[in-house]
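Chemist: structure here, sequence nowhere to be found:
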Ligand code: HEM
């Protein structure tokens, strides 16, 4: 009796196993098909929609590109269609794919690097040409051996702070921009990575200090840079560089005013504002704003560096006696009369007294030591 019970129980277990197996098989095959059946009957709207979408895609992109629904989806995403992402913040919210970065990358690696490079090399060639053709502008009657104060200690401090930080920013900025094309082939990837790291840090810290000094420089010198009639006459006389005519000027001549308004003021503000937006991304700047800032920062910096080559050349090799003004504060009286006669007359009228040139300075470069001729 007990044997009969045991064999019945075994049979029942086998049957229930068999039915379970059949049920699982039926469900695993049947359930997915249910979606298909639903789509074909009541839920057919979805399929119709898809077909309609496909038709629209075919009309827009042609048969071949509309054939893959996945590529249609990515195409939509690339076109900036809103979606939902897990990201929050101003940069990426609800944007599946942003083309901004790729557009900026293509601009940077293409026209920016190519034409930027040409511009910088062109500026250097121009400076070399001017030096070859015109040579150094000498103090015509030779040195007077008497000097007059041109720049105060504060003016020189602001100027050299700005100049040194500008050079640091230019070297590090250009290294980051042209590193891949110019430096990596020469020093290799590892050395460039180390240098780029240092360069980026220096650039990020020196930038804000430079902008503050630049602002001081603008406030300090703006009153001397108001355009005057004499500036037009200065340009007509070729600035005394390209003609034998004497070019009259106040404290700043026409050329220096161009450097002030175009270089220091316009490029300076553009580079500082765009640099600030890049350095401090806490103001809900969008990706577009960041990419535009990068483009503006690079374009204005390159233009400014090209312009700066001209300024640095004129202040050193190009003009005898100019650099010592910015290092010692004093300029030779004959230099002052030749380059900034109206300013010199003003200073004398205000009671400035020319002093004999310092012994060391006289020994270093005095040509003709004459008497003060005012
Ligand atoms: C390191 C390179 C530089 C050198 C050798 C240099 C040299 C000079 C010299 C000699 C002067 C006096 C000119 C005069 O007495 O009329 C001067 C003036 C001036 N510098 Fe520089 N400088 C340099 C960089 C800069 C930079 C980077 C800026 C601005 C960002 C700048 C802005 C000015 C301004 C606004 C003046 C006033 C007069 C003028 O426009 O020439 N300098 N510089």
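Modeler: Everything's here; your move. Bear in mind that the values here come from a model prediction, so they are computed numbers and not experimental data.
Chemist: what segments of the stretch 251-374 of the chain are strands?
Modeler: For the stretch 251-374 of the chain, the strands defined by DSSP state E, counting those that start in this stretch cover 330-332, 355-356.
Chemist: for these, which one ends up most surrounded?
Modeler: strand 330-332 (a mean of 24; mean count of other C-beta atoms under 10 Å). To be clear about C-beta, it is placed using only N, CA and C from the backbone, and glycine gets the same treatment.
Chemist: next, residue 180: phi, psi?
Modeler: phi -60, psi -40 (degrees, to the nearest 10).
Chemist: turn the strands of the stretch 251-374 of the chain into JSON lines, including distance to residue 310 and mean pLDDT.
Modeler: Shown next, in JSON lines, are these (distance: least, C-beta to C-beta, whole Å; pLDDT from 0 to 100):
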{"stretch": "strand 330-332", "distance to residue 310": "20", "mean pLDDT": "96"}
{"stretch": "strand 355-356", "distance to residue 310": "32", "mean pLDDT": "93"}
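Chemist: looking at those, which is nearest to residue 56?
Modeler: strand 330-332 (75.5 Å; C-beta to C-beta).
Chemist: got the contact list for residue 293?
Modeler: 274, 277-278, 285 (C-beta atoms under 8 Å, 6 or more residues apart in numbering).
Chemist: hmm, 10 Å instead?
Modeler: 273-279, 281, 285 (C-beta atoms under 10 Å, 6 or more residues apart in numbering).
Chemist: model confidence at the closest residue to the ligand within the stretch 201-350 of the chain, what's the number?
Modeler: Closest residue of the stretch 201-350 of the chain to the ligand, C-beta to the nearest ligand atom: residue 315 (2.9 Å). Note on residue 315: pLDDT of 96.
Chemist: which residues touch it?
Modeler: If you count contacts by C-beta under 10 Å, 6+ apart, residue 315 has them with 159, 163, 256, 259, 322-323, 325-326.
Chemist: do you know how far residue 69 is from residue 190?
Modeler: 45 Å (C-beta to C-beta, to the nearest Å).
Chemist: helix, strand, or coil at residue 148?
Modeler: Look at residue 148: counting by DSSP: H, G, I helix; E, B strand; the rest coil, its state is strand.
Chemist: so which residues on the chain come close to the ligand?
Modeler: Contact residues, the chain versus the ligand (C-beta under 6 Å from any ligand atom): 150, 159, 162-163, 166-167, 221, 252, 256, 259-260, 264, 308, 311-312, 315-316, 322-323, 325-326.
Chemist: of these, buried ones?
Modeler: Among those, those classed as buried by 16 or more other C-beta atoms under 10 Å are 150, 159, 162-163, 166, 221, 252, 256, 259-260, 264, 308, 311-312, 315, 322-323, 325-326.
Chemist: in helices only, show me these.
Modeler: 159, 162-163, 166, 221, 256, 308, 311-312, 322-323, 325-326 (DSSP state H).
Chemist: among these, which one sits closest to residue 333?
Modeler: Distances from residue 333 to these, taken by C-beta to C-beta, are shortest for residue 325, at 11.8 Å.
Chemist: contact partners for the closest one?
Modeler: Taking C-beta under 10 Å, 6+ apart, we find residue 325 in contact with 147-151, 156, 315, 319, 331-332, 335-336, 339-340.
Chemist: cool, and residue 248?
Modeler: With C-beta under 10 Å, 6+ apart, residue 248 has these contacts: 230-231, 233-234, 237, 240, 339-343, 345.
Chemist: pLDDT weak spots in this protein?
Modeler: 1-6, 21, 25, 27-50, 54, 57-67, 80-96, 359-374 (pLDDT under 70).
Chemist: how does it divide into domains?
Modeler: 2-39+47-78, 100-364 (automatic domain parsing).
Chemist: so which of those is the most surrounded?
Modeler: When these are compared using mean count of other C-beta under 10 Å, domain 100-364 is most buried, at a mean of 16.
Chemist: quick one on the thing from earlier: show me the contacts of residue 293 that map onto helices.
Modeler: Among the contacts of residue 293, DSSP H puts 273-279 in helices.
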